[in-house]
Each structure stands twice: as C-alpha cells, then as structure tokens.
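> Attaching a predicted model along with its sequence, questions to come.
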Amino acid sequence: MSAPQEGATLEIAVDEDRCVAAGHCVVAAPEIFDQREEDGVVVLLDPRPPATAQDTVREAALLCPAAVIRVLRAPS
Amino acid sequence: MTADVLVVGASAGGLAVAEGLRRHGFTGTITLLEREREPPYDRPPLSKQVLDGRWPPERAQLRTGAELDALGADLRLGAEAAALDVPGHRLTLRDGTVLGYRTLVLATGLHARRLPGRPPVAGAYTLRSLGDSARLRAGLLAARRVVVVGAGVLGCEIAATARGLGREVTVVEPAAHPLLGLLGPALGAELAALHTEHGVRLLTDTPATGLTGEAGRVTGVRTASGAVLPADAVVVAVGGRPATDWLAGSGLTLDDGVVCDDRCRAAPDVYAVGDVARFGAGPGTRGVRLENRTNATEQGLYVAAELLGAARGPYRPVPYVWTDQFGTRIQVHGTVPAGAAVRIAEGSLRERKFVAHAVTGGRLVGVVGWNSPGRLRTARALLTAVAPAPAPPSTTATTPTTTLTGDP
Ligand SMILES: Cc1cc2nc3c(=O)[nH]c(=O)nc-3n(C[C@H](O)[C@H](O)[C@H](O)COP(=O)(O)OP(=O)(O)OC[C@H]3O[C@@H](n4cnc5c(N)ncnc54)[C@H](O)[C@@H]3O)c2cc1C
C-alpha cells in the first residue's frame, strides 16, 4: 500500500461509464456514494473522505458488481 | 507446496474470496488458479459493451495489475485444475503439478451448454469467455442473418446487441415468453414487445432441435416443427452447466453444481462459491444455485468471512440480476416465482418506466425495476426485511434455480 498521506484522507474514484446502478455502494457507504435519480448511476459525494471511512469504502468497492470504485490512495 | 487457501477459478467469485480474506486481515498464503491466460475479467460486459464494440476487451478486466499485486496472492494463469484428492488435501493440475492446501474454494463457474448431439461448426457460437466474445463479434459483423437460440438473459442481450449492429435477428425460444424464469409471464410479455418493436423476430413456443450445416458451416436452425430458419451466424444461448467435470470421482457431491450446506461448505475444508455452487442443500432440499454476478461476489466475500470465523450466520442472499437491452435497464431483486401476483407499484407500463412487485402467499418476494434504478434501492430494503432469503426449502419448491441464462 502507499505511504501514509498528510491529513490521512482516502482518495477514491468511480468510473461512471461502467456503473450498472445496483446501488450496493450506497447501502455500504451512504455518506460517500449516491445514485443519480434518472438512471441510477453512481454519484461520488466525497472523492477524498476521511480515513475513518476506509472500511465502508473498501466494502463498497468489493461489493460493486461492476468494479466501478477504485481506491487510489489509502492511509494504511 | 501447500497453500493456506487454494482457490480454483479467478473470476468474480474466486477473486472475491481472496480480497475478502485480505480485507479481514488474513496474512496466510493464497493461491489462485485460473485456466485462462487472461488476468481476471468480468463477464457481463461480454454480451454488452465488449460485444457491441464500445469497449476494448481490456476494459472488462476486474482489477488493475497494481491491485492484483497488492492482493499478495499467487495468481497462476493458464493453470487448470484436473483432479482433486479431498482426504489428502491435494489438487493436481493439468500439467501434472501437485498442490497441497489447508482450505480449498471452488469457483469454477459454468461452461456454455451446446445443443445436444451436434459438434461445433463454423458460424455457430456460444458465449462465456472473452475469447468467445471476440469470435462472436467477428461472426456477427460478417453475418447478415443471425439466429439466437434461447431467450434467457444472454440470448436476449446478444439479440439486442446484434440488432444494434444492424443484423437481421431471429430468436427462438421453447417457452411462451422471453426471460420467463426471471420476469414471469406478464413482464416477459413486456420484454417481448420491446424486442419486437426493435425489429427482432421473436419465435416463442418454438423449440430448436439442432443446427443445419453445409461443408462444416452453419446454414440455419431447425425447429421442432421441422422448419429451418436460415442463418449465417447462430448463437446458442441455452444456459450453462457447472464446470465440475474434473471433480467426478473426487467424492464431492455433484448435482448440477457442487452441493454445499448453508455455509457453502461442500466437505471438510472444501467450499464453493459463485455459479458453480449449489448451496443450502440439506435433508429434503436440493439447495439453490444462483447464476448472477452479484452472487459471485457476495458468496465469495461470505466464504472469506466464514473461513475466518466472521460470518454472521448461514448464507442467505437476496438474489439480484440486472440486464441491459435496447437501452432499457431491467433489475430484479429477489425472484418472480411462477404464479406470483405481479403489480405495478410505481410508474406505468405505458411509460416503460416502472417498479413492479411480485407477491406470493401475501409475501413480497421480488421487486423488478424497469428503467427505474434510482427508485429500487428502497424497494430492496423492503425485500430484505420481508424475505431475508431464498430460504432453500421454500424457494426450491417454487423456483428450482434462479438461472440468469434462463436455460429454457
Ligand atoms: C456474457 C455474459 C453476460 C452476463 N451478464 C450478466 C448480467 O448482466 N448481470 C448479472 O448479474 N450476471 C451476468 N452474467 C453472469 C455472471 O457473469 C456470472 O454469474 C459470474 O461470472 C459468475 O462468477 P464465477 O466467478 O462464479 O464464475 P465465472 O465467472 O464463470 O468464473 C469461473 C472461472 O473459473 C475458471 N475455471 C473453470 N474451471 C477451471 C479449472 N478446472 N481450473 C482452473 N480454472 C478454472 C474459468 O476459466 C473462469 O475464469 C453474465 C454472464 C455471461 C457469460
């Protein structure tokens, strides 16, 4: 894993074009992800959430059935 | 060499096992065996974005090289498991290599089923792998008339993609409606209308009996009435059979899948996940086998947790399947069993945008979204609360298997 970051935030990215609108990410981490009303595609509410969100973000990334969520940088 | 955890099959299910173990802090050795030479890739795009050319094939990869490295697993591509010795905790590869394990997880998925009694001929295709997708794409591009055998999810998606490529498309299906197992008759009829409007010739109640050919090339599809539907390319999408041939004689119970208990355990130290696993089997029930992408991940993560003593109970998923056809996104949470009452809960059929509820015996068992993904999540919560399971005994009574590919 990458070196600890200043302020220990996470950095995450989503590839909207892959999204299949399952909504599993929103269930796992509602403070980080939402879905667009019209087509259900993921909306990243916070691309640099605090390190405390790490667990739920990873859960969301693992559960996503279309490998949409990437954790680009993590504090640990 | 002995791996702490040996996983056979490195696609959605197998990868989820490895990732789940690491996420729970597991530091032991993990070996992932994969028969194919490609790094782990995703299958749903193979009938959609990869088949229609929107994505280059590499985009279907599940993880980047860096993500795979970070997993700290011994990923062996081109390594096919050929024999298993359950009491000896040993597995033999096709090339003769013998591997020991403490725990084995089977995640070998399915093989595409073919029509009985017909050897493969040029111009006839099945779709399961990335290579299949490339071959099928080339075949579709070269064809004028395409016949798709089977109107399950795969057949319907391929038909829609082929239509999008401007081909003349006929679909033959023995049941009365496309996607009958997934959607039930009422919504199946809606899907039929969608296909017909887009110019697909949909022949339901029409069993295909075989292919016709000339000089080793397919020329058409023969139906039960004796008619021949001419074709330059034929896609056989009649479901899959669990990839368990190599397990014959291993002592594991095989019954259309690897038979497991409700914790996905097939034998001491042997587990199965994903399309190949028939879980929840026990006295009086054959268990359930799900063929969908989300289950592969959820079951893989479940088994990872179970191996580390962190699973909270038996594996009881709410099945979830999505499919995209002609720009319409259909999502099914739970099941729509034969005979369920289906009513529109939101939106309308006329707008082609609705949420439908399937109810059996006064219980909500399925929620179907038609171009309504934003509204579905809440419905799933309802379903999770009301019907926390495809409880193996009751589910098997009504729906033997939620087969994605809708083996007709
Ligand atoms: C074209 C297509 C489109 C789909 N679309 C959707 C969709 O829209 N929505 C949805 O929910 N689901 C969809 N699915 C279903 C979904 O992809 C599967 O449910 C999922 O891939 C199952 O994952 P798995 O890991 O259990 O099995 P698989 O993905 O089949 O992976 C099994 C792996 O095991 C390997 N293997 C097999 N035998 C051996 C052996 N002896 N030794 C070593 N390796 C072996 C195989 O090479 C394969 O890579 C689709 C499937 C296909 C084929």
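Perfect, I can see it now.
> Name all residues that make contact with whichever residue of chain A sits closest to the ligand.
Using C-beta to the nearest ligand atom, the closest approach of chain A to the ligand is made by A:Pro65 at 6.6 Å. Every residue, glycine included, has its C-beta placed from N, CA and C. Counting by C-beta atoms under 8 Å, 6 or more residues apart in numbering or on different chains, A:Pro65 touches A:20, A:22, A:24, B:12, B:44, B:293-294, B:297, B:320.
> And the helices in chain B?
B:12-23, B:65-70, B:130-142, B:153-164, B:180-197, B:293-307, B:376-386, B:392-398 (DSSP state H).
> name the helices or strands packed onto the second one?
The contact analysis (3 or more C-beta pairs under 8 Å, 6 or more residues apart in numbering or on different chains; DSSP states H and E) places helix B:65-70 against no helix or strand.
> Let me have the helices of chain B in TSV, extended by mean neighbour count and mean pLDDT.
Output for the helices of chain B, formatted as TSV (neighbours: other C-beta atoms under 10 Å in any protein chain shown; pLDDT from 0 to 100):
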stretch	mean neighbour count	mean pLDDT
helix B:12-23	26	97
helix B:65-70	14	95
helix B:130-142	17	98
helix B:153-164	26	98
helix B:180-197	20	97
helix B:293-307	26	97
helix B:376-386	18	72
helix B:392-398	17	38
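> and of those, who's closest to B:Gly280?
Across the helices of chain B, B:Gly280 has its closest neighbour in helix B:392-398 (3.3 Å, C-beta to C-beta).
> In contact with B:Arg135, which residues?
B:Tyr125.
> before we move on, back to that, intersect the contacts of A:Pro65 with the contacts of the ligand.
B:12, B:44, B:293-294 (C-beta under 6 Å from any ligand atom).
> ok, back up a step: farthest pair in the contacts of A:Pro65?
Using C-beta to C-beta, the contacts of A:Pro65 reach their maximum pairwise distance at A:His24 and B:Pro44, which is 14.3 Å.
> Among the contacts of A:Pro65, find me the one that's closest to B:Leu183.
For the contacts of A:Pro65, the closest approach to B:Leu183 (C-beta to C-beta) belongs to B:Tyr320, at 14.0 Å.
> If we ignore the residues flanking it in sequence, what's nearest that closest one?
B:Thr294 (4.6 Å; C-beta to C-beta, 6 or more residues apart in numbering or on different chains).
> Quick check, that neighbour in contact with A:Val20.
No. B:Thr294 is beyond contact range of A:Val20, at 9.4 Å (criterion: C-beta atoms under 8 Å).
> out of the contacts of A:Pro65, which one sits closest to B:Leu68?
B:Ala12 (14.1 Å).
> Run a quick neighbour tally on B:Gly309.
Residues near B:Gly309, counting by other C-beta atoms under 10 Å in any protein chain shown, number 7.
> Next one: it from B:Arg263, what distance?
11 Å (C-beta to C-beta, to the nearest Å).
> same check, this time on B:Pro185
Distance, B:Pro185 to B:Arg263, using C-beta to C-beta: 35 Å.
> now do B:Pro174
36 Å.
> again, but for B:Thr108
Distance from B:Thr108 to B:Arg263, counting by C-beta to C-beta: 19 Å.
> Tell me which of those two has more neighbours.
Between B:Thr108 and B:Arg263, B:Thr108 has the larger neighbour count (other C-beta under 10 Å), namely 29 against 16.
> ok, is the top helix by length along chain A in contact with the ligand or not?
With secondary structure taken from DSSP H, chain A has its longest helix at helix A:54-63. No. Helix A:54-63 stays clear of the ligand (C-beta under 6 Å from any ligand atom), getting no nearer than 13.2 Å.
> Run through the neighbouring helices and strands of the helix or strand that that helix is followed by.
Per DSSP states H and E, the first helix or strand lying C-terminal to helix A:54-63 is strand A:69-73. Packed against strand A:69-73, as judged by 3+ C-beta pairs under 8 Å, 6+ apart, are the following elements: strand A:11-14, helix A:54-63.
> Strand A:69-73 pairs with which strands, parallel or anti?
strand A:11-14 (antiparallel) (DSSP bridges).
> Give me the residues contacting the partner strand.
A:5, A:32-33, A:42, A:44, A:47-49, A:57, A:61, A:68-74.
> what about 7 Å?
A:42, A:44, A:47-48, A:57, A:68-73 (C-beta atoms under 7 Å, 6 or more residues apart in numbering or on different chains).
> ditto for stretch B:153-170
With contact meaning C-beta under 7 Å, 6+ apart, stretch B:153-170 is reached by B:47-48, B:51-52, B:127, B:140-141, B:143-148, B:171, B:178-179, B:182, B:191, B:195, B:198-201, B:203, B:229, B:235, B:237, B:323-326, B:404-406.
> Which of those are buried? Put it as a ChimeraX command.
To isolate the buried members of these in ChimeraX, using 16 or more other C-beta atoms under 10 Å in any protein chain shown:
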select /B:47,48,51,52,127,140,143,146,147,148,171,178,179,182,191,195,198,200,203,229,235,237,323,324,325,326,404,405,406
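> Tell me which of the contacts of stretch B:153-170 fall in strands.
Here DSSP state E is the test, and the contacts of stretch B:153-170 give B:145-148, B:171, B:201, B:203, B:229, B:235, B:323-325 as lying in strands.
> which of those residues lies closest to chain A?
Top of the list for closeness to chain A, among those and by C-beta to the nearest C-beta, is B:Asp324 at 7.9 Å.
> which residue sits closest to that closest one, ignoring its sequence neighbours?
Using C-beta to C-beta, 6+ apart, the closest residue to B:Asp324 is B:Lys48 (5.7 Å).
> and what of B:Asp262?
Computed as C-beta to C-beta, 6+ apart, the closest residue to B:Asp262 that is not its neighbour in sequence is B:Pro314, at 3.7 Å.
> how about the residues of chain B that lie near the ligand?
Going by C-beta under 6 Å from any ligand atom, the residues of chain B near the ligand are B:8-9, B:11-14, B:33-36, B:43-44, B:46-47, B:80-81, B:107-110, B:127-128, B:154, B:243, B:246, B:274-276, B:291-294, B:296, B:321-323, B:404.
> For the one residue in the stretch 101-250 of chain B that gets nearest to the ligand, what are phi and psi?
In the stretch 101-250 of chain B, the residue found nearest to the ligand is B:Gly109; the distance is 2.0 Å by C-beta to the nearest ligand atom. With angles defined as degrees, to the nearest 10, B:Gly109 sits at phi 70, psi -140.
> Let me know whether it touches B:Ala272 as I believe.
No. Applying C-beta atoms under 7 Å, one finds B:Gly109 not in contact with B:Ala272, separated by 10.6 Å.
> and those two? which has more neighbours close in?
Neighbours were tallied for B:Gly109 and for B:Ala272 using other C-beta under 10 Å; the higher tally belongs to B:Ala272 (32 against 23).
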